[in-house]
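Student: Below are the sequence and a predicted model for it; my questions follow.
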Amino acid sequence: MLINRNLFLLTGNTVTEKIISDINKSEYFSVLVDESTDITAHEQMVLYVKYIDQDFQTKTSFIGIVMVRNEHYLLS
């Protein structure tokens, strides 16, 4: 079971590195963030990135889910 988990995490890291590489090659990108609160009142943010690849195709990639630990945000 531990091997499967490690393989899953390694694959995820490889995919994330590929997405970051593609974004670095892109002239334009945006970050999409959505927040939701689950039934247990835990807040989560879902992160996506949208960019134009080298073939001029629009790509949207899931980056991850972040648990929000503090409900106070600093906006500048």
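Tutor: Sure thing, it's come through.
Student: Check the secondary structure at Met67 for me.
Tutor: Using DSSP: H, G, I helix; E, B strand; the rest coil, the structure places Met67 in strand.
Student: Now do it against Ile20, distance only.
Tutor: 22 Å (C-beta to C-beta, to the nearest Å). (Each C-beta comes from the backbone N, C-alpha and C, glycine too.)
Student: Any buried residues in stretch 14-31, and which?
Tutor: Within stretch 14-31, the residues that qualify as buried are 19, 22-23, counting by 16 or more other C-beta atoms under 10 Å.
Student: In terms of distance to Asp34, which of the residues you listed ranks first?
Tutor: Using C-beta to C-beta, Ile19 is the member of the buried residues of stretch 14-31 that lies nearest Asp34, at 18.0 Å.
Student: Quick check: the gap between Asp22 and Ile52.
Tutor: Per C-beta to C-beta, Asp22 is found 10 Å from Ile52.
Student: Equivalent analysis for Glu17, please.
Tutor: 19 Å.
Student: can I get the buried residues of stretch 14-31 in CSV with pLDDT, distance to Phe29 and secondary structure?
Tutor: Putting the buried residues of stretch 14-31 into CSV (pLDDT from 0 to 100; distance: C-beta to C-beta, whole Å; DSSP: H, G, I helix; E, B strand; the rest coil) gives the following:
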residue, pLDDT, distance to Phe29, secondary structure
Ile19, 87, 10, helix
Asp22, 89, 9, helix
Ile23, 90, 5, helix
